[in-house]
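A.B. asks: here's my sequence, what's the structure:
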Amino acid sequence: MVFYFTSDVVAPPVTLFMGNDKHENEDLIKWGWPEDVWFHVDKVSSAHVYLRLAPAQTIDDIPNSVLDDACQLVKANSIMGNKMNDIDIVYTMWSNLKKTAGMEVGQVAFHKDKDVRKVRIIKRINEIVNRLNKTKREAFPDLRLERETRDRLEREDKKKLVREKRDKEKEEEKQRKEEAELRSYATLMKKENMTTNQDGNDSDDFM
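C.D. replies: Here you go, the predicted structure:
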């Protein structure tokens, strides 16, 4: 089971989501998208909350209001973190999550610590948490199918771009050849390059 929340602090609204338990967290880790940003309370057990960025967006493009929503949601879904003030929330791109065979279910590390961001949360803001909880919905998505569908569509888009680029290059090459032929024809038709009977090139003049 995956819980989905709608953050309407931006337009269009964005979706935050998290697993029901460590087993769902494991599936979210395995079948995450390159566009996913992962959030967790630093050094304390908590839910794994995700934000899915739009294509071409980066982690630097997350609005502060959305960042606040994600961090408050993580804090509220941490047994210890929810009771604490002045805690840090860490977040990074899904692709930076590292999973090894010896790790427990739902446990992760990072490929590059320098790519992990950190934000300090002073206290729980009930207004934000209550607003998000009102949008909460449960679903049982096929995470593998969603990821495979996403990858297939990406491959198709790349193939389309390659075809369009190839077709454009062919059309440009065709235009270049046509322009070269026109320039060549125009040169031949210049007066100085044309001959007349007066030039001694009369084909009926026999010796």
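
A.B. asks: below-threshold pLDDT in this protein: ranges please.
C.D. replies: 188-207 (pLDDT under 70).

A.B. asks: could you look up the SS state of R150?
C.D. replies: Following DSSP: H, G, I helix; E, B strand; the rest coil, the label given to R150 is helix.

A.B. asks: wait, doesn't it sit right on W33?
C.D. replies: Yes. Under the criterion of Cβ atoms under 8 Å, R150 makes contact with W33 at 6.0 Å. Just so you know, the C-beta spots here come from the backbone N, C-alpha and C atoms, and that holds for glycine as well.

A.B. asks: could you check which of those two has the larger neighbour count?
C.D. replies: W33 (18 against 14; other Cβ atoms under 10 Å).

A.B. asks: and that one, what does it touch?
C.D. replies: Counting by Cβ atoms under 8 Å, 6 or more residues apart in numbering, W33 makes contact with 52, 94, 147, 150.

A.B. asks: how close does it sit to D142?
C.D. replies: 14 Å (Cβ to Cβ, to the nearest Å).

A.B. asks: let me have the contacts of W33 in TSV, extended by secondary structure and distance to G81.
C.D. replies: Putting those into TSV (DSSP: H, G, I helix; E, B strand; the rest coil; distance: Cβ to Cβ, whole Å) gives the following:
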residue	secondary structure	distance to G81
R52	strand	23
W94	helix	21
R147	helix	29
R150	helix	31
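
A.B. asks: for the residues you listed, which one is nearest T135?
C.D. replies: Nearest to T135, judged by Cβ to Cβ, of those is R52 at 15.4 Å.

A.B. asks: ok, and the most crowded of the contacts of W33?
C.D. replies: Highest count within those by other Cβ under 10 Å belongs to W94, 19 neighbours.

A.B. asks: which residues are in contact with it?
C.D. replies: 29, 32-38, 50.

A.B. asks: the same query, at a cut-off of 10 Å, please.
C.D. replies: Contacts were defined as Cβ atoms under 10 Å, 6 or more residues apart in numbering; by that measure W94 touches 28-29, 31-38, 50, 52-53, 108.

A.B. asks: show me the two of the residues you listed that sit farthest apart.
C.D. replies: L53 and V108 (19.0 Å).

A.B. asks: this structure: strands as residue ranges?
C.D. replies: 2-7, 14-19, 36-41, 49-52, 87-93, 97-98, 109-110, 117-121, 137-139 (DSSP state E).
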